[in-house]
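In: Let me see the structure of the following:
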Amino acid sequence: MPAAPIALLVVDDNEQFAALLLSLLDAMRPELTFRPCWVDTAAKARAELARQPYELVLLDNKLPGADGLDLLVEIAQLPADHQPAVIMLTATGNETIAVQAMKRGAKDYLSKLDLDLPALVRAVSNALERRRLEQEVRAKTEHLAADLHLAREVQEAFLPQAYPAFPRDRTPATSALQFTHRYLPTADVGGDFFDVLPLSDTEAGLFVCDVMGHGLRAALVTAILRGLVEELLPLAREPGRFLGEINRGLHAVLKQTRRPLFTSACYAVADIGRAELRYANAGHPNPIHVRRCANRVAPLAFPASGTGPALALLADAGYPTHTTPLAAGDLLVLFTDGLFEVPGTGGELFGEERLLAAIGRHHDRPAADLFDHVLAEIRQFSSTGQFRDDVCLLGVEVKEVFRAVA
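Out: Residues are numbered from 1 along each chain as shown. Got it, this is the predicted structure:
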């Protein structure tokens, strides 16, 4: 089946030259066939382009009362699916005009003085091929954007949509443990992930991780992590063992990838039945413990046994569990490094010390208010006013501490 004729618009005020051009175009049959239209002013060209889409425009540089370069700019502003390939025509061989035309979107440039069939065939073929390739790239880009949008929706669905209450017969407003988060991905999909796990009426698990890299690759790893967290929930009362098994499962999957991938993570269990916090760390920034009753703000301590390596680096890595007392009024803040690795105008990072000081300045505020004030301070410090990496903040406020009923 022969290809459909190419919709072609010739814009030239010289009727004799336009007739010559159309005859040369007709000589390209059967390889190329056209459905041509000729207009002799910029106004008529605008009207014709508004009336129907064209695949190719042969545009004279000088038109009555108009500059072809200006019309070229207007053509470049048409909707993407209505943009034709444009070949600029001029009565001179001025290279400056050629450069300007190409910068403004022309696909090629021809001098009327040197015009012949081979030159026109070459210019038309190249211009149409470039337009086809650009359309392919645009279609693939739009398809990828749609996929990324769907991936973001799925990833957001992985995050807690509502927080559990403790004990479970309480309402969220009267829960003995109350939660707040801020999740700010810098791309369509992010590499940060968090979850809140209801382990019992008096125990809540808090998991935060940061996958190396960005984009779809990082998002896929967060999906794997979410599955492992759910699968290993029976072990979640023991932070060190829980991280160890997540590490083993993630390593088994990611060791098959060509490029190394790893994930920093921190996991804590807020136990209001025992009035303690149990926690373990896998190469992640230390959470900050706000002890309001003691007016003290400090990172969680990791004694001699320390922390373990990032997840998926070593199959049999160990993650010691540590404990610290938990009291009513306490706030635990977990976060990813995108929160503080923010450069200021002089290039210096905001850093963990400034973060600690910022939380200290606002430690008596409710967690949601505290988070918003700290984020505002960091944005003010940032040289761009924005974060350059994904940001995840997760907080748990202890409203009550009590012994569990046997």
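In: does residue 204 sit in a helix, a strand or a coil?
Out: strand (DSSP: H, G, I helix; E, B strand; the rest coil).
In: Repeat that for residue 264.
Out: Quick answer, by three-state DSSP: residue 264 is strand.
In: could you pull out the helices for the chain?
Out: 15-26, 42-51, 68-76, 95-103, 117-158, 215-231, 239-254, 351-361, 367-381 (DSSP state H).
In: okay, those helices, which one's buried deepest?
Out: Ranked by mean neighbour count, these are led by helix 239-254 with a mean of 21 (mean count of other Cβ atoms under 10 Å). No exception for glycine: its C-beta is placed from N, CA and C like everyone else's.
In: who does that one touch, helix- and strand-wise?
Out: helix 215-231, strand 263-271, strand 276-282 (3 or more Cβ pairs under 8 Å, 6 or more residues apart in numbering; DSSP states H and E).
In: what does that helix rub up against?
Out: Contacts with helix 239-254, where a contact means Cβ atoms under 8 Å, 6 or more residues apart in numbering, come from 205, 221, 224-225, 228-229, 231-232, 235-236, 260-263, 265, 267-269, 278-282, 308, 311-321.
In: Mind checking which of those are buried?
Out: 205, 221, 224-225, 228-229, 232, 236, 261-263, 265, 267-269, 278-282, 308, 311-313, 317, 319-321 (16 or more other Cβ atoms under 10 Å).
In: low-confidence ranges in the chain?
Out: Scanning the chain for pLDDT under 70 picks out 1-2, 92-94, 145-158, 187-190, 403-406.
In: Format the helices of the chain as CSV; extra columns: distance to residue 390.
Out: Output for these, formatted as CSV (distance: least, Cβ to Cβ, whole Å):
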stretch, distance to residue 390
helix 15-26, 54
helix 42-51, 44
helix 68-76, 35
helix 95-103, 37
helix 117-158, 11
helix 215-231, 8
helix 239-254, 18
helix 351-361, 16
helix 367-381, 13
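In: out of those, nearest to residue 8?
Out: For these, distance to residue 8 was read as Cβ to Cβ. The smallest value, 6.9 Å, belongs to helix 15-26.
In: can I get the CA coordinates of the closest one in CSV?
Out: Extracted C-alpha coordinates of helix 15-26, given in CSV (Å, rounded to 0.1, in the frame of the first residue of the first chain):
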residue,chain,number,x,y,z
GLU,A,15,5.0,33.0,-7.5
GLN,A,16,7.5,31.9,-10.1
PHE,A,17,9.9,30.4,-7.5
ALA,A,18,7.0,28.7,-5.8
ALA,A,19,6.0,27.1,-9.1
LEU,A,20,9.6,25.9,-9.6
LEU,A,21,9.7,24.5,-6.1
LEU,A,22,6.4,22.6,-6.6
SER,A,23,7.6,21.2,-9.9
LEU,A,24,10.8,19.9,-8.2
LEU,A,25,8.8,18.4,-5.4
ASP,A,26,6.5,16.7,-8.0
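In: Format the helices and strands packed on helix 239-254 as CSV; extra columns: distance to residue 30.
Out: Converted to CSV, the helices and strands packed on helix 239-254 look like this (distance: least, Cβ to Cβ, whole Å):
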stretch, distance to residue 30
helix 215-231, 45
strand 263-271, 60
strand 276-282, 68
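In: mind checking which of those is nearest residue 67?
Out: Relative to residue 67, the nearest member of the helices and strands packed on helix 239-254 by Cβ to Cβ is helix 215-231, separated by 43.2 Å.
In: so how far is the closest one off the chain centroid?
Out: Helix 215-231 has its C-alpha centroid displaced from the chain centroid by 16 Å (Cα atoms, centre = their mean, to the nearest Å).
In: Repeat that for stretch 270-283.
Out: 33 Å.
In: So what's the residue count around residue 334?
Out: Neighbour count of residue 334, defined by other Cβ atoms under 10 Å: 26.
In: OK, contacts around it?
Out: Residue 334 touches 194, 206, 208, 266, 268, 287, 393, 394, 395, counting by Cβ under 8 Å, 6+ apart.
In: Run through the residues that contact the fifth one.
Out: Which is residue 268. Applying Cβ under 8 Å, 6+ apart, we find residue 268 in contact with 205, 206, 239, 277, 278, 279, 280, 287, 300, 332, 334.
In: could you redo the last one with a cut-off of 6 Å?
Out: 206, 277, 279 (Cβ atoms under 6 Å, 6 or more residues apart in numbering).
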